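A.B. asks: sequence-free structure coming up:
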Ligand SMILES: NC(=O)C1=CN([C@@H]2O[C@H](COP(=O)(O)OP(=O)(O)OC[C@H]3O[C@@H](n4cnc5c(N)ncnc54)[C@H](OP(=O)(O)O)[C@@H]3O)[C@@H](O)[C@H]2O)C=CC1
Ligand SMILES: CC(=O)[C@@H](O)[C@H](O)COP(=O)(O)O
Ligand SMILES: [Mn+2]
C-alpha cells in the first residue's frame, strides 16, 4: 500500500491524482491533503478520502472548515500547514501538485523527512533546482516526474545510460495561439488564451502554454531532473501532443513515449513506479484514428519566452528565480484583466534585464528575489 500526501488536491493535477487513488483503493491511501481557496470541493474530498491531516490556505477558511469536518481530522492553515502536509505524517510519497513557487519549502521539508517526491510543481525545480536536487541526493530521496514530458523522458531512460544520451527532445503543442503570428496577439482575450488545443489544465499553466513559457520552464525542469547540459535539450513543435517527448541516443536511435493526452497516465506511473498497473480508462491511443503526426521547429522570435527561459537557465543563479516569479506575477495580472497577453513577456523581459545575477543562491536569497521580482512586476506593469 502506498501512503500518499497531496499538495493542491483541488487543482487539475490534484483532482486527477484523486481519480487515480479512487480507482485503486487496494493500492493507495490518502494520508494528508492541502486545499487552496476551494473549500467546497476540499470538504467533499475530506468526506470521501478521510485524510488524517488537512491544510487550507487561509485562516478564515480554517475557522469555517473546523466546524464541518470530522473531529479526528487535524486541520492546519497557511505555509506551516503546507509543510506539515508535505512532511509530517505517515505518507511515504508526496504528490506536489500545488501551483507556483509556494511549493518549494514543503518539497524541501518532505525530502528531509525521507518521502519520495512525485513532482508536478515545475516552478519549484525552476526556482531552486540546485537545492532540491542536492537535498534529494543527500537524503537519498527519489524525485519522480509527473509533468508529461519529463515522465516520458524518464520512461525512455529506464535501463539506459545518461552518458549515451545525445539529446532530450521535449514536444510542445504550441498552445492556444499556435496558428497566429505575433501581430495577431495584441488584443487576444483571457478566454481565447485559456482554450488549449489538447490538454485541460489549470489556468496558469494554460497561459504558460500559450506564451511557450511552459516549455521554457520544462527545459529548466529537464536540466535539473536529468542533469544534462542545455545544449542537449531541444524543443520541437508537435501539435497533436501524442508523442510526449523523446530521447535521442549517441547511436542516433530515438526512443519516444506516446499516448493520448491524459495526465492520469504519468500520475499513475509516478505512483506505481517502478511497476506499471492497468490503466482503467477507455481512451487508449489508436494511431490509425490519429492518422498523421506533425512536427516543426519553434522560432525564438515568435515564442520569446522560450528564449528567455533558455537564457535564464544557462545563466543559472537567481535568473531562473526572476524568470519564474515575473512570469507567475504577470500571468496572474493577465488573468485578472490588468495587463494584455503580450505584456506578459514584456514584464518578464524587464524583470530579467534589471536583475543582477546572484550565483548559488541560498533558500533565503531565493525567497527574497522571488518577492522583490513580484513587487517589481506589479509596480512597473500596473499604473
Ligand atoms: N494541469 C496539468 O495538466 C499540469 C500541471 N503541471 C503543473 O502542476 C502544478 C499544478 O497545476 P494545475 O493542477 O494545473 O493548477 P491548478 O491551478 O488547477 O491547481 C493548483 C492547486 O494549488 C492550490 N494552490 C494554489 N495556490 C496556492 C497557495 N498559494 N497556497 C496553497 N495552495 C495553493 C490550488 O487550490 P485552490 O484551487 O483550492 O485554490 C489548487 O489545489 C503546476 O506547477 C503546473 O505547472 C504540470 C503538468 C501538467
Ligand atoms: C500536460 C503537460 O505536461 C503540460 O505541461 C502540457 O505539456 C502543456 O502543453 P504545451 O506546453 O506543450 O502546450
Ligand atoms: Mn508538461
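C.D. replies: Here it is on my side, so go on. On a predicted model such as this, the values are computed, not experimentally measured, just so you know. Ligands and ions are numbered 1, 2, ... in the order given.
A.B. asks: measure residue 379 to ligand 1 for me?
C.D. replies: Between residue 379 and ligand 1 the computed distance is 21 Å (Cβ to the nearest ligand atom, to the nearest Å). In this view, the C-beta of every residue, glycine as well, is placed from N, C-alpha and C.
A.B. asks: Helix, strand, or coil at that residue?
C.D. replies: helix (DSSP: H, G, I helix; E, B strand; the rest coil).
A.B. asks: and the stretch 1-150 of the chain, which of its residues are near ligand 1?
C.D. replies: On the criterion Cβ under 6 Å from any ligand atom, ligand 1 has as its neighbours in the stretch 1-150 of the chain the residues 8-14, 34-38, 57, 97-100, 102, 120-123, 147.
A.B. asks: which among these end up buried?
C.D. replies: Listed as buried from those are 8-14, 34-36, 38, 57, 97-100, 102, 120-123, 147; burial here means 16 or more other Cβ atoms under 10 Å.
A.B. asks: can you narrow these to ones near ligand 2?
C.D. replies: Of the residues in those, proximity to ligand 2 by Cβ under 6 Å from any ligand atom holds for residue 147.
A.B. asks: contacts with ligand 3 among the buried ones among the residues of the stretch 1-150 of the chain next to ligand 1, please.
C.D. replies: With the criterion set as Cβ under 5 Å from the ion, the members of those near ligand 3 are residue 147.
A.B. asks: how does the chain divide into domains?
C.D. replies: With automatic domain parsing as the criterion, the domains of the chain are listed as 2-141, 150-262+284-381.
A.B. asks: Which among these is found nearest to residue 275?
C.D. replies: Ranking the domains of the chain by proximity to residue 275 (Cβ to Cβ) places domain 2-141 first, at 9.8 Å.
A.B. asks: quick one on the thing from earlier: quick check: which of the domains of the chain is buried the most?
C.D. replies: Per-residue neighbour counts averaged over each of these give the maximum for domain 2-141, namely a mean of 20 (mean count of other Cβ atoms under 10 Å).
A.B. asks: That domain: end-to-end distance?
C.D. replies: 15 Å (Cα to Cα, to the nearest Å).
A.B. asks: Also stretch 282-290?
C.D. replies: Counting by Cα to Cα, you get 16 Å between the two ends of stretch 282-290.
A.B. asks: quick one: that stretch to chain centroid distance?
C.D. replies: Per Cα atoms, centre = their mean, to the nearest Å, the displacement of stretch 282-290 from the mean C-alpha position of its chain is 26 Å.
A.B. asks: Now do the same for it: mean pLDDT, whole number.
C.D. replies: Looking at stretch 282-290 alone, the average pLDDT works out to 93.
A.B. asks: With stretch 36-49 instead?
C.D. replies: 98.
A.B. asks: which residues are in contact with that stretch?
C.D. replies: Around stretch 36-49, the neighbours that count as contacts under Cβ atoms under 8 Å, 6 or more residues apart in numbering are 8-11, 15, 18, 21-22, 30, 33, 35, 54, 56-58, 61, 64-65, 68-70, 73, 98-99.
A.B. asks: Just the ones of those in helices?
C.D. replies: Filtering the contacts of stretch 36-49 for membership in helices, criterion DSSP state H, returns 15, 18, 21, 22, 61, 64, 65.
A.B. asks: With pLDDT as extra columns, can I get those in a markdown table?
C.D. replies: A markdown table is the format used below for the ones in helices among the contacts of stretch 36-49 (pLDDT from 0 to 100):
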| residue | pLDDT |
| --- | --- |
| 15 | 98 |
| 18 | 98 |
| 21 | 98 |
| 22 | 97 |
| 61 | 97 |
| 64 | 96 |
| 65 | 96 |
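A.B. asks: any chance of the domains of the chain in CSV, plus distance to residue 278?
C.D. replies: Shown next, in CSV, are these (distance: least, Cβ to Cβ, whole Å):
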stretch, distance to residue 278
domain 2-141, 9
domain 150-262+284-381, 11
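A.B. asks: Go ahead and confirm residue 345 touches residue 308.
C.D. replies: Yes - contact between residue 345 and residue 308 holds when scored by Cβ atoms under 8 Å: they sit 7.3 Å apart.
A.B. asks: rewinding a little: of the ones in helices among the contacts of stretch 36-49, closest to ligand 1?
C.D. replies: Ligand 1 lies nearest to residue 15 out of the ones in helices among the contacts of stretch 36-49, by Cβ to the nearest ligand atom, at 8.0 Å.
A.B. asks: wait, isn't the closest one in contact with residue 21?
C.D. replies: No - distance between residue 15 and residue 21: 10.6 Å, which falls outside the contact criterion (Cβ under 8 Å).
A.B. asks: How about residue 59: what's its closest non-neighbour residue?
C.D. replies: In space, not counting the residues next to it along the chain, residue 59 is nearest to residue 77; the distance is 5.4 Å by Cβ to Cβ, 6 or more residues apart in numbering.
A.B. asks: Does that neighbour touch residue 54 like I think?
C.D. replies: No - at 9.4 Å, residue 77 does not count as touching residue 54 under the criterion of Cβ under 8 Å.
A.B. asks: picking that back up, list phi and psi for the residue nearest to residue 59.
C.D. replies: Phi and psi for residue 77, reported as degrees, to the nearest 10, are phi -150, psi 170.
A.B. asks: dump the residue contacts of it.
C.D. replies: Residue 77 makes contact with 55, 56, 57, 58, 59, 61, 62, according to Cβ under 8 Å, 6+ apart.
A.B. asks: Quick one, grab the pLDDT at the residue in the stretch 51-200 of the chain positioned nearest to ligand 3.
C.D. replies: Ranking the residues of the stretch 51-200 of the chain by distance to ligand 3 (Cβ to the ion) places residue 147 first, at 4.3 Å. Residue 147 carries a pLDDT score of 98 in this model.
A.B. asks: Kindly provide the distance from it to residue 158.
C.D. replies: Counting by Cβ to Cβ, to the nearest Å, the separation of residue 147 from residue 158 is 17 Å.
A.B. asks: Get me the contact residues on this protein for ligand 3.
C.D. replies: By Cβ under 5 Å from the ion, the part of the chain that sits against ligand 3 consists of 147, 148, 149.
A.B. asks: In a markdown table: those residues, plus secondary structure.
C.D. replies: Shown next, in a markdown table, are the residues of the chain next to ligand 3 (three-state DSSP):
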| residue | secondary structure |
| --- | --- |
| 147 | coil |
| 148 | helix |
| 149 | helix |
